[in-house]
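> Return a 3D structure for these sequence lines:
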Amino acid sequence: MGTGRLAAAAAAFAVGLLLSEPAAGLPREEAILSAKDHPSAETRALAEAHADELLGLYEDVRRCAPRLDFQRHGIAFQRPRGAAAAAPHLTLWVWLDPGRPPRGPDLVARAAEAFRRHGQGLFRRLMARTPVFVDPRAGGYGLILTWLKPEPVGGRLVGESLALFADKLTVANFVHDTIAATTFLTRVEVRAFDGQTEVRLPRLAVEDDDGAAAPREAC
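You can find the predicted model right below:
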C-alpha cells in the first residue's frame, strides 16, 4: 500500500472516514467533502448551511499556509471516532510539508513537534469560521496532521498521523491563550497512528510557551 493510502487509512480510522490519498495542490472541489457526500443528515445539513465557510477555510489555509496540503475530502463535518452521539466537529486534515517533516526519535516526539508547529495556528483558522462557531449544531473542531515517517518500512514510505478533537470552548481558550498548551491537551481527544496502527500516546512533550514560540503563518 502506498504512502498516501497508508496515512489515509490511519487518520480515517480516527475520524470514521474512508478517504483516498492526497495530491499536490489539491483543488477545492477535491479538498472539501460535498454536502451530499457527508454520511449523516446532521453533517449534510451543516455542510449545506456552511458551504461558504468550508470554502473560506480552504482558501485561508491555501493562502496563509501554502506549504501544507489537504487530504482529499479533508475539510468536512465529522464526529470523533467512537462518539456516535457527539455533535459533528468541523474537521481539517492536512499533510505537512514533506521538505520539513517533524523531527524526533519516535512518533511521540514527532507528534509533539507537529503540534507545536501547527496546532494553535490551524485551530485558530478553524475557529475563525464564526458562523460555525455560533451554530449550536456544531460541537467543536477536529485537526488531523499527517507526515511521512523518516524511515521506510519494508521498502515502503509510511505516513504518521496526529488527530485532535476538541469542543468549541476549549479551542477558543487555547487560541486566545486563556489556557496553555499543556492544559489544552488534557481536555481534548488525542490519538496517533503509525501507518494503519494506532499507537498508545503518552503525554506529548509540549511546554506552555510553545504556542507563542511557534512560527506564525504568512497571514
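> Residue 104 contacts residue 113, doesn't it?
Yes. Contact criterion CB atoms under 8 Å: residue 104 and residue 113 qualify, at 5.6 Å. In short, each C-beta sits where N, CA and C put it, glycine included.
> These two: which is more packed in?
Between residue 104 and residue 113, counted using other CB atoms under 10 Å, residue 113 has the larger neighbour count: 21 against 15.
> Name the SS class of that one, please.
helix (DSSP: H, G, I helix; E, B strand; the rest coil).
> What pairs with the strand or helix carrying residue 145, parallel or antiparallel?
Using DSSP states H and E, residue 145 maps to strand 140-148. Strands that pair with strand 140-148, judged by DSSP bridges, come out as strand 89-95 (parallel), strand 159-167 (antiparallel).
> Tell me where this protein is predicted with low confidence.
1-24, 209-219 (pLDDT under 70).
> where do the strands sit along it?
Taking DSSP state E as the criterion, the chain carries its strands at 69-78, 89-95, 140-148, 159-167, 189-194, 197-199.
> I'd say residue 144 and residue 165 touch.
No. Using CB under 8 Å, residue 144 is not in contact with residue 165, being 9.2 Å away.
> what is in contact with those two at once?
residue 91 (CB atoms under 8 Å, 6 or more residues apart in numbering).
> right, and residue 135 touches residue 48 too?
No. Using CB under 8 Å, residue 135 is not in contact with residue 48; the gap is 12.0 Å.
> Among the two, which residue is more densely surrounded?
Legend: neighbour count by other CB under 10 Å for residue 135 and residue 48, higher for residue 135 (17 against 12).
> Done for today, thanks.
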